[in-house]
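In: build the 3D model from these lines:
(chains A, B and C)
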Amino acid sequence: MDSPVPSASLLAAIYLVAITAEAMSGALAAGRRNMDIFGVAVIAFVTALGGGTIRDLTLGRFPIGWTQHPEYVYLVISAGLLTTVVASFMGNLKRVFLVLDAMGLVAFSLIGCSVALKMDYPTIVVIMSGMITGICGGILRDVLCNQVPVVFRRELYASVSLAVCALFLSLRALGIDTDLNTAISFTAGLTLRLLAIWGGWRLPVFSYHQRWE
Amino acid sequence: MDSPVPSASLLAAIYLVAITAEAMSGALAAGRRNMDIFGVAVIAFVTALGGGTIRDLTLGRFPIGWTQHPEYVYLVISAGLLTTVVASFMGNLKRVFLVLDAMGLVAFSLIGCSVALKMDYPTIVVIMSGMITGICGGILRDVLCNQVPVVFRRELYASVSLAVCALFLSLRALGIDTDLNTAISFTAGLTLRLLAIWGGWRLPVFSYHQRWE
Amino acid sequence: MDSPVPSASLLAAIYLVAITAEAMSGALAAGRRNMDIFGVAVIAFVTALGGGTIRDLTLGRFPIGWTQHPEYVYLVISAGLLTTVVASFMGNLKRVFLVLDAMGLVAFSLIGCSVALKMDYPTIVVIMSGMITGICGGILRDVLCNQVPVVFRRELYASVSLAVCALFLSLRALGIDTDLNTAISFTAGLTLRLLAIWGGWRLPVFSYHQRWE
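Out: Predicted coordinates:
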């Protein structure tokens, strides 16, 4: 059985941090909609593991990753439920939380690329696999919470995922060793995301309000 | 070809009642959004057979159940369209309808567990397979009708699905005969759901409205 | 590798026009929600290729069509981004756009039927495959833009898809040559859709506002 986690043990550790952080972000979103604790558990699960699920479906990669790793399921549901208890103390942790989320985005993107590369998909599909893994969990969270996905409107977020995937593939084409490449891409992506948050960097917005359709 | 319906003929009969009841619940939801009769047919189909579809995708179980059972497709679409005709008389049937829906929830959950058990998935995945089958149809219905899924906020509903799956697996581990186990789990789950409706039992709600993300 | 496009070169050409038109319709919908250009690219992609993706998942047909055709991905993303530049000039093109969209609907439906026929699915599944290909892109677009799918409420749209699929299968059962059949079904479907637009034809609507659930 192929693990969804690259062999690099650093990335594997970051993956665990990432799904935990994403589960907590999902739980907070559920709390904003006054969901019950079951809803919290579902949204936590979907936010953390939904991106990888959609990636595996898109690539036709069965069995789907988390079905072979019950420990991930227990981890994200526990993290989601724990969040309902500690949420009131988390205001002070905003910065920690944003950094964890950024690490998750970058780690997910690199993992998504690795999975599609192993399956010999074309380059554009490898990049999309990285981006799907990175951002689809958040999209599912927002759809289930009945709002327009924030990823389509936030400071550079999906673009960071795209940049990480493109950098990783470029260095790979240059023959750089995979572990070194992973370290470089991870660091560059994390830096870009943090700069974007603190600088409030955004992509240009397209507003269209002509009425004819 | 593996049927999505367990051999127990009682459960098979309940399955037909369940998808019919779910199709009717979908049609009523579509009517609340003033959809046309095509929209009614789609929502009826998705509510009744969408949970099993998502389960089969998640488990990598192809071909998907209903594609091998055209009669189910005709049944749920007919039930949905018929509902547009009889809806005005259904006010008096509220209690019947809630009981049918509860039977559907419990039957779907047991069927979902059976399917995953046959495929040798880990216990947590078996339980999730039962819950996905039980509640995802309703979640899809609510997403397509543009509202926060009611299952995340209603009286014990998903929890009943969880309890049924857990009871079924526990009795199975004790070596109880499958048909007896099915009958016990079904009865217990149905009783719990009906008690929850009449008592207005709910899970604790998590409300979170701090503004920092 | 099986192409999602039938051999008839006319239909193949129409397919390219269709995914371009759908990508542009997705971009305009994203603009109405003030998404950034990344959001525009995603919605364009999902609107154009999402229907085929859901069809392939439903039929268990891997690898999914567009993952083997990177040129389609580049085409629809380019069309979506280009739309942000030319949108202000498109008001005068409303009629052209509606015709392109109608061609897309009909071409997608025929392609969806062909794909399921080759896989020997039952008739009702073949028809649903055509309709899924024809309309699910638009449904995903509307869900991601947080509105009730317009296809459930618009002038004859999904019904046109249904009529095209039914006509195609009927002529096929009569032994008509596939290319001739495709030409007839395409022309008939396009005519029906354009008549529906200009005549404002709609299906009956089901409104239900009793409060008991």
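
In: stretch A:193-204 and chain C in contact?
Out: Yes. Using C-beta under 8 Å from any C-beta of the partner chain, we find that stretch A:193-204 touches chain C at A:202, A:203, A:204. C-beta: built from backbone N, CA, C; applies to glycine.

In: need those residues in TSV (columns: neighbour count, secondary structure and pLDDT).
Out: Shown next, in TSV, are the residues of stretch A:193-204 next to chain C (neighbours: other C-beta atoms under 10 Å in any protein chain shown; DSSP: H, G, I helix; E, B strand; the rest coil; pLDDT from 0 to 100):
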residue	neighbour count	secondary structure	pLDDT
A:202	14	coil	79
A:203	20	coil	80
A:204	9	coil	80
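
In: got a markdown table for these, with distance to residue C:178 too?
Out: Formatted as a markdown table, the residues of stretch A:193-204 next to chain C follow (distance: C-beta to C-beta, whole Å):
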| residue | distance to residue C:178 |
| --- | --- |
| A:202 | 50 |
| A:203 | 46 |
| A:204 | 46 |
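
In: residue A:109 contacts residue A:132, correct?
Out: No. Here residue A:109 does not reach residue A:132: they are 9.3 Å apart, not a contact under C-beta atoms under 8 Å.

In: circling back: what's the closest of the residues of stretch A:193-204 next to chain C to chain B?
Out: Using C-beta to the nearest C-beta, residue A:202 is the member of the residues of stretch A:193-204 next to chain C that sits closest to chain B, with 16.1 Å.

In: per-residue confidence at residue A:10?
Out: Looking at residue A:10, its pLDDT stands at 73.

In: now do the contacts for it.
Out: Neighbour list for residue A:10: A:182, A:183 [criterion: C-beta atoms under 8 Å, 6 or more residues apart in numbering or on different chains].

In: buried ones in the host helix or strand of it?
Out: In the assignment (DSSP states H and E), residue A:10 maps to helix A:9-32. Residues of helix A:9-32 classed as buried: A:11, A:14-15, A:18-32 (neighbour count, 16 or more other C-beta atoms under 10 Å in any protein chain shown).

In: so after that helix, what's the next helix or strand?
Out: Counting by DSSP H and E, what follows helix A:9-32 is helix A:37-59.

In: next, the angle helix A:9-32 makes with the helix or strand containing residue A:183.
Out: Assigned by DSSP H and E, residue A:183 belongs to helix A:178-199. Following axes from the mean of the first three to the mean of the last three C-alpha atoms, to 10 degrees, one obtains 30 degrees for the angle between helix A:178-199 and helix A:9-32.

In: could you see whether chain B lies near helix A:178-199?
Out: No. Applying C-beta under 8 Å from any C-beta, one finds helix A:178-199 separated from chain B by no less than 11.2 Å.

In: ok, now stretch A:29-36?
Out: Yes. Stretch A:29-36 lies within reach of chain B by C-beta under 8 Å from any C-beta, at A:30, A:31, A:32, A:33, A:34, A:35, A:36.

In: near chain B, which residues of chain A show up?
Out: A:25, A:27-28, A:30-40, A:42-43, A:53, A:57, A:62-64, A:67-68, A:70, A:73-74, A:84, A:87-88, A:90-91, A:94, A:143-146.

In: tell me the confidence at the most centrally placed residue in chain A?
Out: By C-alpha atoms, centre = their mean, chain A has its centre lying nearest to residue A:134, at 3.3 Å. Note on residue A:134: pLDDT of 91.

In: confirm it sits in a helix?
Out: Yes. Counting by DSSP: H, G, I helix; E, B strand; the rest coil, residue A:134 is part of a helix.

In: isn't it right up against residue A:51?
Out: Yes. Contact criterion C-beta under 8 Å: residue A:134 and residue A:51 qualify, at 6.5 Å.

In: which neighbours do these two have in common?
Out: A:108, A:112.

In: next one: stretch A:150-162 to chain centre, how far?
Out: 11 Å (C-alpha atoms, centre = their mean, to the nearest Å).

In: any residue of it touching chain C?
Out: Yes. Residues of stretch A:150-162 contacting chain C under C-beta under 8 Å from any C-beta: A:151, A:152, A:153, A:158, A:159, A:162.

In: over to stretch A:37-55?
Out: No. Judged by C-beta under 8 Å from any C-beta, stretch A:37-55 stays clear of chain C, getting no closer than 10.2 Å.

In: off-centre distance for that stretch?
Out: Per C-alpha atoms, centre = their mean, the centroid offset for stretch A:37-55 relative to its chain is 11 Å.

In: before we move on, what about stretch A:151-164?
Out: For stretch A:151-164, the distance to the chain centre is 11 Å (C-alpha atoms, centre = their mean).

In: and if you look at stretch A:35-43?
Out: 20 Å.

In: buried ones in it?
Out: A:35, A:36, A:37, A:38, A:39, A:40, A:41, A:42, A:43.

In: tell me the mean pLDDT over the helix or strand hosting residue A:115?
Out: Using DSSP H and E, residue A:115 falls within helix A:94-118. Per-residue pLDDT values across helix A:94-118 average out to 88.

In: so which other helices or strands are in contact with that helix?
Out: helix A:9-32, helix A:37-59, helix A:123-144, helix A:158-173, helix A:178-199 (3 or more C-beta pairs under 8 Å, 6 or more residues apart in numbering or on different chains; DSSP states H and E).
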